[in-house]
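Asker: Model the structure of this input:
(4 chains)
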Amino acid sequence: MLGRLTVEALPFYSWVAMGGAAVTVGGGIAVFLLITWLRAWKVLWTDWLTSVDHKKIGIMYVVLALVMLVRGFVDALMMRAQQAFSLNSEGYLPPEHFEQIFSSHGTIMIFFVAMPFLTGLINIIVPQQIGARDVAFPFLNSVSLWMTAAGAALVLISLVVGKFSQAGWTGYPPYSGVEYSPGVGVDYWLWALITSGVGSTLSGINFIVTIVKNRCPGMTFMRMPMFTWTTLCISILIAFSFPALTVVAGQLTLDRTLGFHFFTNGDGGNMMMFANLLWIWGHPEVYILILPAFGIFSEVVATFSRKRLFGYTSLVYATACIALLSFTVWLHHFFTMGSSANVNAIFGIATMIIAVPTGVKIFDWLFTMYKGRIEFHPSMVYTIGFMVTFVIGGVTGVLLALPPADYLMHNSTFLVAHFHNMLIPGALFGYFAGLNYWFPKAFGFKLDTKWGIRSFWCWIIGFYLAFMPLYVLGFKGMSRRMEHYADPTWQPYLIVAAIGALFVLCGIACIAIQLYVSARKWGSARDITGDPWNGRTLEWATSSPPAPYNFAVLPEVTDIDAFHDMKILGQAYQPPQHYEDIVMPKNTWIGPALGALAFALGFAFVWYIWWLVALCFVLSLVCVGIRASDDNSEFVLPAAEVARIERERLAQISPADMHDMHDYVPRGAASGAPLTGTV
Amino acid sequence: MNHSAERSLSTYLTGFVLAVLLTAIPFALVWGGLLAGSAVYAVIAVAAVLQVIVHLVFFLHIDLKSTPAENLFFLAFAAVLIFIMVGGSLWIMMDLHHRMQ
Amino acid sequence: MEARIAGQRVRAALRSAATAGLICSVPVLQGCALSDAPVLFPKGPIALAERDLLFTAFGIMMIVAIPAILLTLLFAWRYRKRTRNTADYAPEWDGSWGIEAVVWLVPAAIVVVIGTIVWDATHRLDPYKPLAADKPAFKVQAVALDWKWLFLYPELGTASVNELAFPADRPLTIEITSDTVMNSLMIPALGGQIYAMAGMRSEMNLIADGPGTFNGRNTMYSGDGFSDQHFKAHAMSEADFAAWKEKVTGAADVLDAKAYVDLHKQSVADPVRYYSSFETDLFSIILRKYAPIVGPYESKAAELICRGAV
Amino acid sequence: MSAATILEEEQKHALHSREFGFWIYLMTDAVIFALLFASYAVLAENSAAGPTSNDLFDLSRTAIETGLLLVSSLTFGMASIALMHDQKGRVVQWLFVTLLLGLAFLAMEMGEFGGMIEKGAGPEVSGFLSAFFTLVGTHGLHVAFGSLGIVVMIGQVLVKGLTAPVRSRLMRLGLFWHFLDIVWIGIFSAVYLPGVL
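Answerer: Numbers count the residues shown, from 1 in each chain, chains lettered A, B, ... in the order given. The predicted structure is shown next:
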């Protein structure tokens, strides 16, 4: 009846497991009670969970990411603490727990922090940046969100029922195969990946179509904001690289569940094929995480330097180059498997070529700052911190791309330091910059800058303290994933790294305080115009938070900084000639239902509860069928209602709220006049 | 993908006849053992590629002029990526195979 | 006004950051000189060449990295918003062919230079490449087990667990395979690492500058005993090696098929063990275990090792 | 503009988007198949002392399967032509013929799989057979879903008539069906024909 699920699966075998389970269950109960106490269940269901509004879906993605960030960071803190103490001793974590922790840390941070964070920001902003009322497929968007949430839920429940994978976030077989990891951990990992991978693929397709088909009049490809450009590129990367993850995870699942021999030791399996397929997805994935952050940095650096973005064309081509090249370098993740020199050298050189467009981007941002008026808003400070720190990561990345040097550094803490050096400043700082930058757009009030700056300093100091020692330890021959060690000269570095993790803890606390403080005084930090930072792109033309339809009348665009030009020409905040009816998608319960079914299906598969697998599969088909035969999924918002909403909004804005544009001249076709220039 | 294109019976029949031919050739070669060595593989590969093109043109109505540019772009992009992924994987794994003997 | 306060805040924060950095770096500087870091101060020409490549590439990249970092800080300071900023302000300036040319071409040139070096170095330092030396290479076969290393010495007919010894004046050729999950054999002071995979035979050629003892380990996470899966590699003078050979040849244990099946069982932090002899063709049998061929096993021993039982 | 015209405009745009989105989906599916082909090519020789492709493949069966799929592509084309001429009855007839051909293909494939498993050549025997069953089985699964789609679309044509959304869905289903035939070209060229050489 319950497959291999027995009472043994409950975590009463060790205090670490019980602690984790208690926190997870306790957190769940706390949230449940809080919602009940606020009597918010109905609002939550009708306004949020069933919503197909891209802004609300985006906010839910970011909330998911922030919750999982805390969970993933606790893992990091536990690892740093373990290694700080475990010189010639077992430390406080037995290997079994340490292994689950480093496996879940990587899995969570990549799949359930970075991916939802960037997808959330994209969801909130990109339709507005391209002057669209919605994404191309609002319902599919809801399905994507709930698939991702289902994957996250599978990781979380593994703390309570059974165990998580002990095979690392990359889960290389044969160790992750059924012979060496017979438990349910790797199955949890696989189903979390597959479920959220389906969600990501759907998001990718959705945003390609949105950007290609839903741009407002006049917005040619070369007038799209940089964040939209990076989103288009990563959506293509997602659509074409996630199939590789699906294939490799599916094959490993077949190996584990049905006794296939794709990656087993012997019987004709080939474990290096796993590495090959995994990294065909894995390397583009790195750029999927980083490119949106690059887009955010581009927006932020132009806005807070009060200048046009330097080298827009160059940045577009650099982004496209990076996107294509990211598919050509995957072998550098396994130079040491014994390939011949030709193979290694060619993939090594291909890897280094990516450094060129990446370097170009850094310099383009640099020259955007040049002759600007830089305002040290938290977003901008995160950007500067990124530019300085990311260069170091880039240099160490090229070092690892040299195959002979990689023979020395592979699998060492140097590698760990390198990819954290890419992903913390390169991706996470970008998302934080985006959080500070776009928060008022999503919620209608600004975030507190003081705590924003504090969070930045804690994060960057914490980053340097945590990862510079790991670079050194790599030179000293320390391998990654060591539960304990015998070399006393390693310990001081590991203690410093642990102190760094504590600084990062402060950074996360600062963000929590920032959110709390800002919410407390939201009335005084209201964003009335919808344009708190004197922004340049179209998302600032809507109100904060935007009306459900974003734009009452679709804007027309003649240049890259469309809204900036509108403000100069006095076209911003003007009521249109007339309003029209707007078609809106209806909310639907099917998205969350499919998410719940995906979770149940994954859970049932992990525990071999086959009747439940079949039931969930059939119910999913039924849900899809109900949705597909529903030709009544939209409603019309009458023009009169639109006019009322817009009139109320415009009435609130007084000229005093608007930004002083006298420093600027209109540009190009927008001005209708030749450039005067005030250089 | 394209609504205006003429989808006449003759298009489908032409495609069908070409496809049958391009299927028959490799099957006949293998069955009859008419060719030997790597030439057989070459013929199979060429016939397969040609037949894929026949299907794209006559059944899926891909046309450089009337098919939307974005559809062509993604078709080409997918072709390039499939070449990189499959070609790269085979190159890597064959090389490994030789080095691990 | 706001900007000035922000500027002061940044300055104050910079000061506190610098202080914190200094305080934290003290124990690092005191406790841990890097002279024992095997990657930075290698003990063999292969590792030295690999390290030099690391340093060369690092140096060349500084041409771009240092200006990028310094200019970021400089521009952020120079063009910060304040009440009376005398610095130029060019809000519409958004491109320059000169700058674009430099930022595309200089990194491209650097990649061309490093790429050339890499092409050459990768071929020169291919781990499979036999090393030129006066004396013939000393051949060792390494087998990754859970969680220990087994070394077979075909030349001596002996075997050892968790200890590798070889004559310091001869190049070392290690044939590597695994009789468990994927491992990676590394002796950082002598040079790189190569994966050990079941059913596959990989190879690594190393050489030491002279006699010495180095750390070696599996760097590829392989389960519960992974942390303790390390060994000492001894490059020995002629006399020491002869003595060591004596000691091993005289060992009481023999690594026949049955002993191997016992050794194959999972165990953590095994002590060093010596075997005066090992089963004929043991290495090939371990390879054959995972690459089955049609037909019967060539011997009772092979059957025992491949099937774990007769 | 009236609400009805706006909805209609919106629907037209939405259908265009769906057709484009479906095209991208097909491309990603092509990548999935490409990687399954790559896995098969890598593992094809790894029969691990079990049966090899030469022992198992029966070209005459493959030829019939190929014929069924190819003819079904033609019959789906006939349905598309009938759709263009608004001949509702013809559309349903040709779709039905296509469905029969698809089901016949599936029946032959299941027979083949069943025979192999009976002979002790199931997917758990060797890397070669794992890769074979996964690649060909994934294609078969797609054909099964396509057949289900045809059943649903026959129902929609009969109930709703040839409305704009139904036409769009039929067109997308056609793309899917032709795409599966293209994948099959890969399967007989990369799996069956070289397998018996």
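Asker: Beyond the one helix or strand C:V112 maps to, next helix or strand please.
Answerer: If you go by DSSP states H and E, C:V112 is part of helix C:97-124. Helices and strands here follow DSSP H and E; after helix C:97-124, the next one along the chain is strand C:138-145.
Asker: Tell me the helices and strands packed up against the next helix or strand after that following strand.
Answerer: Following strand C:138-145 in sequence order, the next helix or strand is strand C:148-153 (DSSP H and E). Judged by 3 or more Cβ pairs under 8 Å, 6 or more residues apart in numbering or on different chains; DSSP states H and E, strand C:148-153 is in contact with strand C:138-145, strand C:158-161, strand C:163-167. The way it works is simple: take the backbone N, C-alpha and C, and place the C-beta from them, glycine included.
Asker: Any idea which of those strands gets closest to D:H16?
Answerer: strand C:138-145 (57.0 Å; Cβ to Cβ).
Asker: What ranges does chain D have for its strands?
Answerer: Assigned by DSSP state E, chain D shows no strands.
Asker: And for the stretch 351-500 of chain A?
Answerer: Counting by DSSP state E, counting those that start in this stretch, the stretch 351-500 of chain A forms no strands at all.
Asker: Right, and chain C sits closest to which residue of it?
Answerer: For the stretch 351-500 of chain A and chain C, the shortest gap (Cβ to the nearest Cβ) falls at A:Y407, measuring 2.3 Å.
Asker: Quick check: chain neighbours aside, which residue is closest to that residue?
Answerer: C:G192 (2.3 Å; Cβ to Cβ, 6 or more residues apart in numbering or on different chains).
Asker: now whatever residue of chain B ends up closest to chain C: how far from A:N344?
Answerer: Residue nearest to chain C within chain B (Cβ to the nearest Cβ): B:M100, separated by 3.8 Å. Noted for B:M100: a distance of 15 Å to A:N344, by Cβ to Cβ, to the nearest Å.
Asker: Between these two, which has more neighbouring residues?
Answerer: Comparing B:M100 with A:N344 by other Cβ atoms under 10 Å in any protein chain shown, the one with more neighbours is A:N344, at 30 against 20.
Asker: Spell out the secondary structure type for A:W533.
Answerer: coil (DSSP: H, G, I helix; E, B strand; the rest coil).
Asker: Could you double-check that it lies in contact with A:T303?
Answerer: Yes: the criterion here is Cβ atoms under 8 Å, and A:W533 meets it with A:T303 at 5.3 Å.
Asker: so what sits against both of those two?
Answerer: Residues touching both A:W533 and A:T303 (Cβ atoms under 8 Å, 6 or more residues apart in numbering or on different chains) are A:Y437.
Asker: quick one: the strands in the chain?
Answerer: Picking chain A for this. Counting by DSSP E, the strands of chain A are A:582-585, A:634-637.
Asker: Can you look at chain C instead?
Answerer: Under the criterion DSSP E, chain C contains strands at C:138-145, C:148-153, C:158-161, C:163-167, C:172-178, C:183-187, C:191-196, C:202-206, C:212-218, C:230-236, C:273-275.
Asker: Just put these in JSON lines and tack on mean neighbour count, mean pLDDT and distance to A:V606.
Answerer: Formatted as JSON lines, these follow (neighbours: other Cβ atoms under 10 Å in any protein chain shown; pLDDT from 0 to 100; distance: least, Cβ to Cβ, whole Å):
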{"stretch": "strand C:138-145", "mean neighbour count": "23", "mean pLDDT": "97", "distance to A:V606": "30"}
{"stretch": "strand C:148-153", "mean neighbour count": "23", "mean pLDDT": "97", "distance to A:V606": "33"}
{"stretch": "strand C:158-161", "mean neighbour count": "24", "mean pLDDT": "97", "distance to A:V606": "38"}
{"stretch": "strand C:163-167", "mean neighbour count": "23", "mean pLDDT": "96", "distance to A:V606": "42"}
{"stretch": "strand C:172-178", "mean neighbour count": "24", "mean pLDDT": "96", "distance to A:V606": "28"}
{"stretch": "strand C:183-187", "mean neighbour count": "28", "mean pLDDT": "96", "distance to A:V606": "28"}
{"stretch": "strand C:191-196", "mean neighbour count": "28", "mean pLDDT": "93", "distance to A:V606": "29"}
{"stretch": "strand C:202-206", "mean neighbour count": "22", "mean pLDDT": "95", "distance to A:V606": "35"}
{"stretch": "strand C:212-218", "mean neighbour count": "21", "mean pLDDT": "95", "distance to A:V606": "30"}
{"stretch": "strand C:230-236", "mean neighbour count": "22", "mean pLDDT": "96", "distance to A:V606": "35"}
{"stretch": "strand C:273-275", "mean neighbour count": "21", "mean pLDDT": "96", "distance to A:V606": "40"}
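Asker: Of all the ones you listed, which one is nearest A:Y92?
Answerer: Between these, strand C:230-236 lies closest to A:Y92; by Cβ to Cβ that is 22.3 Å.
Asker: so what secondary structure elements neighbour the closest one?
Answerer: With contacts taken as 3+ Cβ pairs under 8 Å, 6+ apart, strand C:230-236 sits against strand C:163-167, strand C:212-218, helix C:238-249.
Asker: Apply 6 Å and report the result again.
Answerer: strand C:163-167, strand C:212-218 (3 or more Cβ pairs under 6 Å, 6 or more residues apart in numbering or on different chains; DSSP states H and E).
Asker: of all those strands, which lies closest to chain D?
Answerer: Closest approach to chain D among the helices and strands packed on strand C:230-236 is made by strand C:212-218 (25.4 Å; Cβ to the nearest Cβ).
Asker: what's the distance between the longest helix along chain B and the middle of its chain?
Answerer: Under DSSP state H, the helix in chain B containing the largest number of residues is helix B:69-99. In terms of Cα atoms, centre = their mean, to the nearest Å, the centre of helix B:69-99 is found 14 Å from the chain centre.
Asker: now swap in stretch C:208-220 and tell me
Answerer: Taking Cα atoms, centre = their mean, one finds the center of stretch C:208-220 at 10 Å from the center of the full chain.
Asker: which parts of the stretch 201-310 of chain C sit against chain A?
Answerer: Contact residues, the stretch 201-310 of chain C versus chain A (Cβ under 6 Å from any Cβ of the partner chain): C:S202, C:T219, C:M220, C:Y221, C:D224, C:S227, C:Y290.
Asker: let's go with 10 Å and repeat that
Answerer: C:201-204, C:214-230, C:266, C:268-269, C:288-292, C:306 (Cβ under 10 Å from any Cβ of the partner chain).
Asker: repeat for chain B
Answerer: Contact residues (Cβ under 10 Å from any Cβ) of chain B with chain A: B:68-71, B:73-74, B:77-78, B:80-82, B:84-86, B:88-100.
Asker: let's see it at 6 Å
Answerer: Counting by Cβ under 6 Å from any Cβ, chain B sits next to chain A at B:E70, B:L81, B:I84, B:M85, B:S89, B:I92, B:D95, B:L96, B:R99.
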